[in-house]
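Trainee: Here's my sequence, what's the structure:
(chains A and B)
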Amino acid sequence: MKRYFLPILLLLSVLTACDDTLSSSLTRHTVSFAVNLPDEIEPESAINGRITFRNVSTGAETVGTPEETVTLIPGLYDFAYQATALLATGAETTLRFTRNSVNIRGDITLTVNPFSYIESNDLIIAEIFFAGTLNPSGISYSGDDYIKLYNNTDDVIYADGLALVESKFSTTQKYDYTPDIMDEAVTVDAIYVIPGSGCEHPVKPGEYLLLADTGIDHTRLNPYSFNLEHADFEWYDVSTSPAHLDIDSPTVPNLDKWYCYTHSYFMLHNRGFKAYGLARIAVEKDEYLRDYKYDYEYTVVTDAGSFPMSGTAYKIPNDWVVDMVNCSLKASYVWVVCAPMLDMGWTSCGEIDKDKDRFFHSVRRKLLYLNQYGNPVFKDTNNSTADFNRDCVASEIELAGSVMDATGTCCTCITYDGLTPIAQ
Amino acid sequence: MKRLLLLPMLFCCLGLFASDTDSILIRMNCHAAEMPQFVEQFFANPALKYYSFDTPFSSISAGYRHRHDNQIIVPEEGDGASEKSFSAEGFMPAGNSSAVWGDAAYTAGKTCNVQWCESADPQIIYPYFTADATGGDFYTESYRFAGGYSRQLKPFTWGATLGYTASHQYRNVDPRPRNVTGKLTLSVGMAYSITTDYMLGTSLEWLKYKQSNEIKFVSETHEEPVYQLTGLGMHYFRFDGASKISDFSGNRYGAVLSLYPLHSGWLMNLMLHRFTFGKTLRDLNKLPLASVWHNSLELTAGYKHDANRFSYAVTAFFDASRRHGSEAIFGDATSGSYPLIGSLEMYADNRYKTGVRGLLSYSQGIRTYSLTAVCNYSHRKSSYAEPELHEIVEGVEGMAKISVRSLLGKKWYGGVGLTSYHFQSVTRCRTGLELNLARAMTDKYAIGIALAASICNYYGEARSNSYNIQINLNF
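Mentor: Below you'll find the predicted structure:
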């Protein structure tokens, strides 16, 4: 017995005590890049290229340059490319490309087709307040949601004919919609257009345009809300549901409703699962409603089986889109519902689905600087993740000094972008 | 209602036991002997359990246990705990060739200020806890029933045990986890008498483990994100806040091979176990988030001399385990479900411990003096693959316990034990004191009280104090 004990003990020690390093046992794959620059960009003029892989599972980021290869563990990644390039005119432009859900399971060469980012010369979305407020009992109050537009240029812009749109598809649920038109158009389920002949609603540089759900003094219904009687426009719906009627403010003009999916009244998605955008629709209303329908099909897969589904919405060609902002939630985000050239990222209020901290908060575009006239210039790189501050106190709450959380605390600070205070 | 059901079951369990010709104090003294405790792992084989005691002994106990730490030492264990328990256990040789034993217990208690773990049984499911940044107190209720039977059919002895433990863990303020766990254990064993003094035994074990873990928030104004931890401070980023209901399900299989001397001789025990479990997120369409395999080996070999006056035993042991966890990788959540596209082994926890144990026991009439000592070296390395993280804990531990037990006249029985425990690498030092006192009410019944207290000092300011008080009815 004694003879065998020590050798067995030694053998077991050797077998079990060797410390393997797990990471060395992980397979790593090499990713190289084939960058196809736009025709107007000379290859040698593209500099400062930077690529980023973000592991969807772990959130870890790997950065590198397109000239070199990167090694990654197997997994699902969101990929982004950015470079600076000189145009033949001497102007500098930014090249961008994103591709979500890249499945790395072996060595691959990733094809990068960057597009040249062109600065917007139209109104931009400065703020989206979709979450609404709470009443003193802690119950959610809706109707005080709004979207604020801003003239980020040095020129007067006429808002006439500008359409406010909501994406049909949710950023938290993805299906393979066929035909896939994302590279050509945005699929929308609500279109409200600013009325006017073309010169009736000027927006000066540094001015805002407030589009409200209901342009009334909401404090009469909810003391924790605020007054929206000063809104520039409201979206009003003639509801066919007697139990769900919209309120038509006598002091605020209505947007021209071209289309909306609902038969009652439209409101922004309370948890922020949709994308919102601005578009200059290049055809007349009748022609648009006739020619720009989008019929699509998709399959829902459940435990009970696969179910073919179909739907109908409207499409806005990407060329008509002025600005897009994807909203989502970290806990629920699945995809960006428009082409990367319109918006490469997403912004949010709250962390989790039905997050109770989202009330009273909005997403607000980041301040870059104040120009020579003292007007704020906001960040607009068509990447809502980078361009927006999340979970900001809504600007209308700041201006009204109204309640900014469920405990009834009043707001005492006014900011440009939810973070930078305006000097009094 | 469950508590009311428990009582008749306890008494049914105890109804198995009959009295013996020896007085209760003598039987108590016999069952408090150090040698059966020293070789307790051999009795995991229900066939060998037959040889553990010659006399019947049962007890019903009501107890209270309290622990207080001056700071959080292990986050998932909180900084304190208190527990009330009501239990019964017994062992009885039935006839000349069989034995029956059983135990039942109900415990209710509270663990204070648990952090970064909203799941139950963290020592079983680690590192895949469901967690949030708030934590708080946990209220726990648990029930346990177990019973076994063994029979000698010379030269063989066979036996089987069956046990079930259920627990319910909850909190009444946000975040409100509700964890329900169930553990079913089954063990069957066989022993063969190779000589008059040596038994060669083998047994097979199976454990079925289940846990459902659900977290609710009722506050109208705030809700915490819930994280799925993956080890060494990492979490599954993609599903942060996305799921509040998870399930754990696993099986453990084991085999034991033993060479056991009934009185004196060489002994050897080899235990092999494989435990596998998986974690699924129920509210994400039963998404299989992680899977774990855990292999363990425990080998003990040595010599024991068990005599009426002077007993001793010395064993060398080697325990090793490897726990590896894999995280699933999911593709794009198209069509409302997450397709599984792969799996990566990201976590490893490999450990071993080797050392020697010794027991020296001297009986002088009705009084027994004993010294138990353990000295071992332990090594543990936990790793995470990406980002590359390692944690190594190793060191030499030493433990010594001296105890005296004695019959005190015809009516009284008493015992006292002093334990000192040192863990070198983290300079942990624990000192414990145990007191037992019992008074025979009749020849068959005795009432006793058991007290235990310990002080554990860690490096720096951390300190953990605990005490345990138990009142027993022994028969």
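Trainee: Run through the strands of the stretch 201-350 of chain A in chain order.
Mentor: A:202-203, A:208-212, A:233-234, A:256-260, A:275-280, A:293-302, A:305-317, A:321-326 (DSSP state E, counting those that start in this stretch).
Trainee: Parallel or antiparallel, which strands does the second one pair with?
Mentor: Sheet pairing here is set by DSSP bridges, and for strand A:208-212 it gives strand A:146-150 (antiparallel), strand A:233-234 (parallel).
Trainee: The ones you listed: which one's closest to residue B:405?
Mentor: strand A:146-150 (80.0 Å; CB to CB). To be clear about C-beta, it is placed using only N, CA and C from the backbone, and glycine gets the same treatment.
Trainee: what's the next secondary structure element after that closest one?
Mentor: strand A:157-158 (DSSP states H and E).
Trainee: Measure how the helix or strand following that following strand sits relative to strand A:321-326, angle-wise.
Mentor: With elements assigned by DSSP H and E, the helix or strand that comes after strand A:157-158 is strand A:162-167. For strand A:162-167 against strand A:321-326, the angle by axes from the mean of the first three to the mean of the last three CA atoms, to 10 degrees is 30 degrees.
Trainee: Run the chain-centre distance for strand A:162-167.
Mentor: From the chain centre to the centre of strand A:162-167 is a distance of 13 Å (CA atoms, centre = their mean, to the nearest Å).
Trainee: If you count neighbours, what's buried in stretch B:94-105?
Mentor: B:94, B:98-105 (16 or more other CB atoms under 10 Å in any protein chain shown).
Trainee: same thing with stretch A:366-380?
Mentor: For stretch A:366-380, burial by neighbour count (16+ other CB under 10 Å) applies to A:366-367, A:375-380.
Trainee: Tell me the secondary structure of the residue in the stretch 251-400 of chain B that chain A sits nearest to, please.
Mentor: Residue nearest to chain A within the stretch 251-400 of chain B: residue B:320 (3.7 Å; CB to the nearest CB). State at residue B:320, reduced to three classes by DSSP: H, G, I helix; E, B strand; the rest coil: strand.
Trainee: Tell me the bridge partners for it.
Mentor: Residues in a beta bridge with residue B:320, per DSSP bridges, are residue B:297, residue B:352.
Trainee: Would you quantify the distance from it to residue B:415?
Mentor: 35 Å (CB to CB, to the nearest Å).
Trainee: just for the stretch 201-350 of chain A, where's the confidence low?
Mentor: For the stretch 201-350 of chain A, no stretch is flagged by pLDDT under 70.
Trainee: And chain B, by the same measure?
Mentor: For chain B (pLDDT under 70), the answer is B:1-21, B:336, B:424-426.
Trainee: go again using 80 as the cut-off
Mentor: Chain B contains residues with pLDDT under 80 at B:1-22, B:95, B:220-222, B:334-337, B:421-428, B:459-460.
Trainee: Can I get the strands paired with strand A:208-212 in CSV including mean neighbour count?
Mentor: Shown next, in CSV, are the strands paired with strand A:208-212 (neighbours: other CB atoms under 10 Å in any protein chain shown):
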stretch, mean neighbour count
strand A:146-150, 25
strand A:233-234, 25
